[in-house]
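*Asks:* what follows is a predicted structure for the sequence shown.
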Amino acid sequence: MFDYHALLPEFILGATLLVVLGVDLLVAPRRRWLAGAAGIVGLLAAGVPLLTLAGVGGTREMFAGSYVVDDFALVVKGLFLVAGAIVLLASMSYLRGDRYYEGEYYFLILASIAGAVVMASARDLITMFIGLELVSAPAFLLAGWRKGDLRSNEASLKFFLIGVLSSAVLLFGMSLVYGTTGESTFTRIAGATAAVSGESAFVLGVLFTLVGFGFKIAAVPFHFWAPDTYQGAPLPVAAYLSVGSKGAGVVGLLTICYSAFAGARDVWGPALWVLAALTMTVGNLTALRQSNVVRLLGYSSVAHAGFILVPFAMAAAFEGPALEEAFFGSLTYLLVYAFMNLGAFAAVIAIAERTGSREIDDWAGLARYSPTLATLLGVFFFSLAGIPPLAGWFAKFVMFKAVLGDPGNAWGVSLAVIAAVNAVIALFFYARVLKAAFMDPAPESLPEGAPLSRPLAAALVITLAVTLAAGFYPQLLAFFGEAARGLALP
Amino acid sequence: MGWFENGWGLSLIVFLPLVGAAVVLAVPRARETAIKAIALGFAAASFVVSVIATVAFDFGSAGYQFGADTSWIPAIDSRFHIGVDGISLPLVVLSTFITLLCVIYSWNHWPEPHNPKAFLVLMLVLATGMAGTFVALDLVLFFIFFELVLLPMYFMIGIWGDRNPMRLPGFKRPVETRLYAAIKFFLFTLFGSAFMLLGFLALYFRSGNGGLPRTFDIEALSARGAEGQLFTGTFAFWVFFALFLGFAVKVPMWPLHTWLPDAHTAAPTVGSVLLAAILLKLGSYGFIRIALPILPEEAKAWAPVIAILAVIAIIYGSLACLAQTDMKRLIAFSSVGHMGFVMLGISTLTEVGINAAIVGMVAHGIITGLLFFLAGSIQHRYHTREMARLGGNQKILPRLGGILGFAAMASLGLPGLAGFWGEFMALLASYNPFAGANLALFRSAMVIGAIGTVLTAGYLLWMLQRVNLGEIPEEWREKSFRDADGYELGAWVPLVLATLAVGVYPAIVFGTTNDSVQRLVARAFGG
C-alpha cells in the first residue's frame, strides 16, 4: 500500500513545514530568514528522492491507482520544487524590507507547493481536488499578506471569492462525472466513458471541470481576478501565483483531460480551442493598455495560459503521435514559462526596489543608472515575447509544432495563425517597458534604491542561466518534456 | 586541416563574435580601449577564419563543404547542421568583412549616448546572427539565427538612433524618430517571421508523408521538394506564401518595405551599414536557399508575382529617391530599388538570374554599406543630412567627396564597378526566364527595369550634384572641417577596392557561385 520511496518527497516536504515553523519559533526575529533558508534546503532535499526514483524508473501506483508516481509526476514535482525555491529566494529580501510575518509566510508557500506536488501524482478526483485546495488555500492568505494595504486586501478577497467559486464549480463538475460514471479513479473513468459519453450530465460534468480549472489558470473569460490579485499581492506572491498556482492548474488540467477524459476529447477539445483563442487574444490586447508593470505581467501571464492551451485544443482532431506531441507542447511550454516568468518577476522585484515604483514611466532611463537590472529585464521580457536566442522561442516553437501536427486541419492552422498574430502583439507591450528602460531619458534626480539583496540575486542568476542555456540548447528542458510525454498514451 | 572541415571552421566564424560579446561584457565599462581592442580582435579573427575557409574551399564542387551535422534538439528532430556552398560562401565572407570594417570605423565614431561597450556587444551578437543564417542548413537553426539579429538591431536603432522628433498620425505629441523606427522594424520583421515559422513547421510535417522520417533539414527537404511529390497543391501554395511573407519583409519587397526607410534613416551609421549591407540579404538568401529549392513548382507559380513586385520596387524606389531631401533617406530608398533588381533576378529562376542576384547582393552590400558610412560621416561633420543645405562638399572635404563620387557611380551601375553586374545580368535573365514563363511579362519587366536603371542614375547624380558639387554654401564657408581620418579610410578603402575588384573581375563571385547555382537550378527546375 505505502511505497515509502515514492512518497519520500511528500514526507520531506511535510517535515520541512514543521521545521520551518519550529525555526520561526526558536530564532530571534532578526534571524527569521533562517526559516526561509530551512525551507529552501527542504525543497532541495525533497528533490533528491525524485532523482533516485527517476534512476530506478518505472511507474509506481498506490491506493488503488489514485496516487501514481510516474515520469510525468517526477518532472512536474521537480518543476514545482525548483520554482518554490526560486520564489523563496525572491521573497527573503522583500519580506525583510516590510517586517511581515516571515516564518508564517515561508510556511504557507511551502504548504502550497506541497499541494502542487500532491497534484502531480493525483490520479483520482478526490486526491486532485484536495491537492488543488492545498495549493489555493495558502495562496488566499498570502495574497492579503500586506495587511495595511487596501489593494492587498482587495487582492486577497477577490482571489478568495473567485477561488471558492471555482472550487465549487469544479466540485460540481466532478460530482457529475462521478455520478454518471460511478468511478473516481481516472483510469476507470476513462474506461467507463464510452457507456456514458452521450449523456448530457457527463458532458456537463466535463465542461464544469474545465471551467473550474479555467479559473485556476486564469483563462479568459475566467481571468478577471488575476491582474487585480497580482497587483495587490506582495510581488513574490504574484510570482508564485503566476507560476506555481497556475502551473498546478495546468498540470491538473493535463492529467485529467488526457487520462480521465481521454474518451471525451470531442467535448473538451473544441471548448479548449475557444478558450485558448480567447485567452491569448484578450490577454495580449488588454496588456497593451497597462501602465503598471505588475498588471502588465498579470495580463501577460493570462496570455501565456492561452498559449499553453493551444496545443491542448487540437486534441480532438489528433491521434497517436500527434496527440502525444500536443501533450509535450503544453508541458514543455509550462517548463520554459516557469523559469522565464519567475525571472521576469524577480527582475521586476529588484527594479521596483531600486526605483521605488511599478509604473512603466517611472522606469525611464533605468539602463543609465542600473544597466545590469535593465539587461536582466530585457532578457526575461524578450524571452516571454519568444525572441531567439532566449528560451521563450522554444516554448512558442513547440506550441506551433504541436498545433500544426496535421497541416491539413483548418482548425489547427487557424489557431496557429491566431497564435502567430498574438505573438507579434505581445512583443509590442514587452518592448514598451524596455523602451522606457533603455531608450527614454533618465530623470534628473535618480531614485535612491536599496542595493540588490543576495537571495534575490541568486534567484536572478538561476533563472537567467536557465533562460539563456535553454535558449541555445533547448534540449535541456525539452528532455524533461520528452520524459513525461508517456502520460498522453492510453 | 581535418578539424577545420568538420564544422569547426564554420563554427568559429559564427561563434567567435558571440564569444567576443561575452568577453566584452565582462570588461568594466570604463576600460574603453580594452573593450575596443577585444571587439576588434574577435571580429578580425572571424574574418580571418572566413578567408581561410575561402582559400580552403573546393571551387570545383557544387555541394556543401566544411559541414557538420550533430545532434542539437532531438525532441523536435532538429539538428545542428551547417555548411557552405558557393551560394553562401560569398555572403559569409561579406558579413564578416563588413562587421570588421564597422568595428574599425567605430573606433572613434561613437553615436550618442556614448557607450562603446553596449554598442560593440550588440554589434558582435549581430555578427553571429548574420553569419549563422548563411551557414545554417536546418530550418530551426536558420530561424534562430534569422531572428537573432532582431534584438541587437532593435536596441541599436532605439538607443543610438536619430533623436529628431517626428509627427505621427494619431499621436498628439511628436515622437522621436528612433523610437518609432525601432519598434516598426521589430514588428514588421517579427510579423513576417512568425508566418515563416508556420511555413517551416508545415514543411516538416508534410516531409514525413512519403514514408521517410520527418525532417527540418534544408538539404533533405530540397531533395524531396525536387521530386515534386510531397509539397503540392494548396498546401504548397500557402506554405510558399508563409515563407514569402517572412523573406519579403526582410528583403524588403514592395509593399512590405515601409519599415526600411525609417529604420535605415534612424539607425546610427554602423547600424545602417549593417542593415543595408547584410540584414537585407537574409531575406533574399532565404528565397534562394529555402523557398526555391524546396517548393520549385510554387516558385514557378509565384515568379510572375515576384517579378511584378520587384519591378514596382525598382521604379517606386527610384521615384521615392527623387523626392527625398534627406541624403540618408535617399540612400535608404535606393536599397528598395537595388533589392528589386536582386528579386527580379531570383524571379527568373534561371542560372543567370540567380547568379545575378547573388552578385547583386554582394555588390549592394559593399556599395550601399560604403554610402551609409559616407552619409554618416557627412552628418557627423555638418550635423545635417538635408541636401538643400549641403553643397560643395568636394571642395570642403576632397577625400570624402571623392569616395562619395566613386560610391555613387558604383551604385548607379557604372560598368567596370561592382553594381553593374547584378543589374545587367538580372535584366538579361528576365529576357530569357525559366521555361514556361510568361515571356511578355518578364520582357516587360526587363524594359521597365531598364528604365529603372536610368532613374537610378538620375537620382544618384542629382544627389552628387547637390552634395558634392557647386559652390560652398554661406553656412559652411567660415567653418573648418577635418577630412576623412585614418579609421574612416581604414573602413572605406577596403570597400572601394572590393567594388573595383568585383567590377573588373566579377569571376571572384561568379566563379564561386556558378556551380552551386547550376546544381540548384538543375535539381529544382530541371534545367
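*Replies:* It's in.

*Asks:* so the residue of chain A at minimum distance from chain B, which of the three states?
*Replies:* Scanning chain A for the residue nearest chain B gives A:A478, at 3.5 Å (criterion: CB to the nearest CB). Glycine gets a C-beta too; all of them are placed from N, C-alpha and C. A:A478 carries the three-state label helix when classified by DSSP: H, G, I helix; E, B strand; the rest coil.

*Asks:* near chain A, which residues of chain B show up?
*Replies:* Contacts of chain B with chain A, taken as CB under 8 Å from any CB of the partner chain, map to B:29, B:72-76, B:113, B:118, B:140, B:143-144, B:147-148, B:150-151, B:154-155, B:158-159, B:178-179, B:182-183, B:186-187, B:190-191, B:194-195, B:197-198, B:201-202, B:204-206, B:235.

*Asks:* what do you get if the cut-off is 6 Å, keeping everything else the same?
*Replies:* Residues of chain B found near chain A (CB under 6 Å from any CB of the partner chain) are B:73, B:75, B:144, B:147-148, B:151, B:158-159, B:179, B:183, B:190-191, B:194, B:198, B:201-202, B:205-206.

*Asks:* which SS class is the closest residue to the residue of chain A closest to chain B other than its chain neighbours?
*Replies:* Among residues not flanking A:A478 along the chain, B:A75 sits closest, at 3.5 Å (CB to CB, 6 or more residues apart in numbering or on different chains). What three-state DSSP gives for B:A75 is helix.

*Asks:* what about B:A75, neighbour count?
*Replies:* 21 (other CB atoms under 10 Å in any protein chain shown).

*Asks:* isn't it up against A:E482?
*Replies:* Yes. Counting by CB atoms under 6 Å, B:A75 touches A:E482, with 4.9 Å between them.

*Asks:* quick check, pLDDT for the residue of chain A closest to chain B.
*Replies:* Looking at A:A478, its pLDDT stands at 87.

*Asks:* how close does it get to A:L79?
*Replies:* Taking CB to CB, to the nearest Å as the measure, A:A478 and A:L79 are separated by 14 Å.

*Asks:* do A:G42 as well
*Replies:* 17 Å.

*Asks:* same question, A:G65
*Replies:* 23 Å.

*Asks:* close to chain B: what parts of chain A are there?
*Replies:* A:387-389, A:400-401, A:404, A:407, A:416, A:420, A:423-424, A:427, A:431, A:438-439, A:474-475, A:478, A:482.

*Asks:* nearest residue to B:I358 in space, please, no chain neighbours.
*Replies:* Counting by CB to CB, 6+ apart, the residue nearest B:I358 is B:T513, at 4.9 Å.

*Asks:* what does B:F146 give?
*Replies:* B:T133 (5.2 Å).

*Asks:* low-confidence regions, the chain specifically.
*Replies:* No chain in the question, so chain A it is. A:1, A:97-100, A:407-408, A:488-490 (pLDDT under 70).

*Asks:* other chain: chain B
*Replies:* For chain B, the stretches flagged by pLDDT under 70 are B:1-2, B:527.

*Asks:* point me to the residue of it nearest chain A.
*Replies:* B:A75 (3.5 Å).

*Asks:* for that residue, give its distance to B:Y204.
*Replies:* 13 Å.

*Asks:* same check on A:D3?
*Replies:* Distance from A:D3 to B:Y204, by CB to CB: 41 Å.

*Asks:* does B:G20 touch B:F42 like I think?
*Replies:* Yes. Between B:G20 and B:F42 there is a contact under CB under 6 Å: 2.8 Å.
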